[in-house]
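Asks: Attaching a predicted model along with its sequence, questions to come.
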2 protein chains.
Amino acid sequence: MATETQRSTGRRRNPATRATILATAFDVVAELGYAGLTIEKVAARAGVGKQTIYRWWPNKGALVLDAVLERTAGSGPEGADGAPAELPDTGDLEADLIAVLVATVAEFADPDFDRALRGLTAAIIEDAELAGAYRERLDGPMRELKKRRLRRAQEVGQLDPDVDLDLAVDLVFAPVAQRWTERSGDLTPDGARAVVRHALRGLAAR
Amino acid sequence: MATETQRSTGRRRNPATRATILATAFDVVAELGYAGLTIEKVAARAGVGKQTIYRWWPNKGALVLDAVLERTAGSGPEGADGAPAELPDTGDLEADLIAVLVATVAEFADPDFDRALRGLTAAIIEDAELAGAYRERLDGPMRELKKRRLRRAQEVGQLDPDVDLDLAVDLVFAPVAQRWTERSGDLTPDGARAVVRHALRGLAAR
DNA sequence: TTGTCAAGACGAAACGTCTCGTCTCTTCAA
DNA sequence: TTGAAGAGACGAGACGTTTCGTCTTGACAA
C-alpha cells in the first residue's frame, strides 16, 4: 500500500478495476457497516474476482481506508490540481475555526459518510498498523493544516506563543470528534461555535 | 439485560456461571481483541455451553460491555457499599481535575484494560443501541460525577456560571480520550496537566 | 514470457439454532 | 410437612450456513 512499486514486465494493474473496487467498498461499508462488509460481497458487486482484491489489499481495514481516502480526495490537503490547500484565513481566527468545525459537523450529518467513517474508525481502533497509515495519510495532513493556521495566529499575537500546537488542535477539535464517536450529544453548528469560543479563550495570548 | 426479570418457576440463573463467563470474556478480549473474540472460544475457555451465553447476551458487543462493566465495578460512581462516590474536591479545581485525568491516563497504560476498552469501543462505534447502553451504564454516570464537580466550582465562582456543563466536560476530557482513540500522540501526565490548564483558562469566570 | 483478471472450488473456522440428558429450584396437592 | 411434577438453567455438541483466505484454471494484454 505505502509503496505501490511497478513491476517490470507482464500486464499492468488496471486503474479502472482499482477504482471500481474502492467505490464499491465505500458503498458497501456505507450501507452495511464495517462488520457487514465482506470481501466476497465487494467482489461480487464490483464484478471482480476475490483474488484481485486479496492481491492488492491485505485485509478489510486497508481496503476501507483506501476507499475513504479515494472518496475524500479533493477535500484533503491537496486540491484537485495537487496544490496544497489551506484552512481559511480571514484574519478572524475564531470565525475561521468555526467555519472548519461547522463543515466537519455537516460532513458527519451525511449518513453514508458517517457510516463509512465509523467503519474506518472501527478498523483503526484495534489495528495499530492501520491507525498509523490513517494518521499518515488522512489525519496527519489535516492536522498539519490546522497547526499552520494556528501558527499564523501565534505570529499575529492572537494565540499564546508558548502553547504546544498539537495540544491546541486537540482542544479545539477533539470535543466534537469525541461526541461523534460516542454519540454523546447532538452535533450542531451552535455547539461547534461554543467549543471554539471557549477553547480559544483558554489558548489566547495573555 | 436492562430488566432482568425473575421467572416464577424453575431453576434460577447461576450467578457464578455469569461471573465466570464475564471474567473469561474480559480475558479473551484483552488477549485477542474484539475481532479475535469468539463466542465459541469464550464458551470453551469458561467450560460452558454456547447456548448459555446466547441465552443471556444477544451478541458479542453486549457481552463485552458487561465484561468491562463487571471488571470496572468498584471504580465506578458507586463504591463497594453502593454509596455514590464523588470526584475529589479539595477546593483546588485544577489539581482535582488533573488527578482524575492522570488516573485515566494510568488506566490506559494497562495493556489488558487498553485492549478490552478498545474492543468495547470497536463494538460501540458501529452499534447505536450498544452505544446507548454504554452511555447509560458507564459513560453517563461518570459524566454526572464530572458535572457535579464542575457545578460546585461554578457555585464557588471558579467557573463561568453561564457555560454549559456538558461542553465543559468535553473540553476537559475529550482531548485525552481522542488521543487514546486515534493513537495520535503520547498520553503523559504532563500532557494531561497542560490540557486541564488551558481548558480551565477557557472556562474560568471572567 | 510474465503478470493481471474473472470465476469459482476448496477446507477451516465461526456463526446462531437446535436437541439432548442432567441438574436444581419452585409450586402445589396430599 | 412433604414429596411428586413441572419449569428452566446448564454442558455438550450436532446441524446447516456463511465467510474466510488460498489455490487453480483459462483468457488476455504487455
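Replies: That came through, no problem.
Asks: Only C-alpha atoms from now on, for both contacts and neighbour counts.
Replies: Noted.
Asks: my guess is residue A:69 meets residue A:138, correct?
Replies: Yes - if you go by C-alpha atoms under 8 Å, residue A:69 and residue A:138 touch, sitting 7.3 Å apart.
Asks: need the residues of chain A near DNA strand C, please.
Replies: Taking C-alpha under 7 Å from any atom of the strand as the criterion, chain A approaches DNA strand C at residues A:7-15, A:17-18, A:44, A:47-52.
Asks: go with 6 Å
Replies: A:7, A:9-14, A:17, A:47-52 (C-alpha under 6 Å from any atom of the strand).
Asks: Those also near DNA strand D: which ones?
Replies: Within the residues of chain A next to DNA strand C, those near DNA strand D by C-alpha under 6 Å from any atom of the strand are A:10, A:11, A:12, A:51.
Asks: I'd like the residues you listed as CSV, with distance to chain B and secondary structure appended.
Replies: CSV is the format used below for these (distance: C-alpha to the nearest C-alpha, whole Å; DSSP: H, G, I helix; E, B strand; the rest coil):
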residue, distance to chain B, secondary structure
A:10, 38, coil
A:11, 36, coil
A:12, 35, coil
A:51, 23, helix
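Asks: Which single one of these is nearest to residue B:114?
Replies: Using C-alpha to C-alpha, residue A:51 is the member of those that lies nearest residue B:114, at 34.8 Å.
Asks: Of the residues of chain A next to DNA strand C, which pair is most distant in space?
Replies: Using C-alpha to C-alpha, the two most remote members of these are A:9 and A:47, lying 25.9 Å apart.
Asks: Neighbour count: these two, which is higher?
Replies: Using other C-alpha atoms under 10 Å in any protein chain shown as the criterion, residue A:9 and residue A:47 rank with residue A:47 on top: 13 against 6.
Asks: and that one, what does it touch?
Replies: Applying C-alpha atoms under 8 Å, 6 or more residues apart in numbering or on different chains to residue A:47 gives no contacts.
Asks: how does chain A divide up, domain by domain?
Replies: As given by automatic domain parsing, the domain ranges for chain A are A:15-72, A:93-203.
Asks: Of the ones you listed, which is nearest residue B:153?
Replies: Nearest to residue B:153, of all these, is domain A:93-203, at 16.6 Å by C-alpha to C-alpha.
Asks: From residue A:71, how far out is the residue nearest to the spatial centre of chain A?
Replies: Centroid-nearest residue in chain A: residue A:138, 4.7 Å away (criterion: C-alpha atoms, centre = their mean). Distance, residue A:138 to residue A:71, by C-alpha to C-alpha, to the nearest Å: 12 Å.
Asks: other SSEs contacting the helix or strand containing residue A:17?
Replies: Assigned by DSSP states H and E, residue A:17 belongs to helix A:15-36. With contacts taken as 3 or more C-alpha pairs under 8 Å, 6 or more residues apart in numbering or on different chains; DSSP states H and E, helix A:15-36 sits against helix A:39-46, helix A:60-72, helix A:111-126.
Asks: Buried residues in that helix, which are they?
Replies: For helix A:15-36, a neighbour-count test (16 or more other C-alpha atoms under 10 Å in any protein chain shown) marks A:20-30, A:33-34 as buried.
Asks: next one: stretch A:116-127
Replies: Within stretch A:116-127, the residues scored as buried using 16+ other C-alpha under 10 Å are A:116, A:117, A:118, A:119, A:120, A:121, A:122, A:123, A:124, A:125, A:126.
Asks: What of stretch A:189-199?
Replies: A:189, A:191, A:192, A:193, A:194, A:195, A:196, A:197, A:198, A:199.
Asks: next one: stretch A:86-98
Replies: A:86, A:87, A:88, A:93, A:94, A:95, A:96, A:97, A:98.
Asks: interface residues of chain A facing chain B?
Replies: Selection of chain A residues close to chain B by C-alpha under 8 Å from any C-alpha of the partner chain yields A:33-34, A:115, A:118-119, A:121-126, A:128, A:131, A:135, A:167, A:170-171, A:174-175, A:177-178, A:181-184, A:194-195, A:198-203.
Asks: Next, whichever residue of chain A sits closest to DNA strand C: phi, psi?
Replies: Nearest residue of chain A to DNA strand C (C-alpha to the nearest atom of the strand) works out as residue A:10 at 3.1 Å. Phi and psi for residue A:10, reported as degrees, to the nearest 10, are phi 80, psi 180.
Asks: okay, and for chain A, where does confidence drop off?
Replies: For chain A, applying pLDDT under 70 flags the ranges A:1-8, A:74-84.
Asks: mind running it again at 90?
Replies: Across chain A, the ranges flagged by pLDDT under 90 are A:1-13, A:73-85, A:185, A:205-206.
Asks: Which positions in it make contact with DNA strand D?
Replies: Residues of chain A lying near DNA strand D (C-alpha under 6 Å from any atom of the strand): A:10, A:11, A:12, A:38, A:39, A:40, A:51, A:59.
Asks: export these to a markdown table and tack on neighbour count?
Replies: Formatted as a markdown table, those follow (neighbours: other C-alpha atoms under 10 Å in any protein chain shown):
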| residue | neighbour count |
| --- | --- |
| A:10 | 6 |
| A:11 | 7 |
| A:12 | 9 |
| A:38 | 16 |
| A:39 | 19 |
| A:40 | 14 |
| A:51 | 12 |
| A:59 | 11 |
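Asks: now, the most widely separated pair of the residues you listed?
Replies: Distances among these were taken as C-alpha to C-alpha; the most separated pair is A:10 and A:38, at 29.7 Å.
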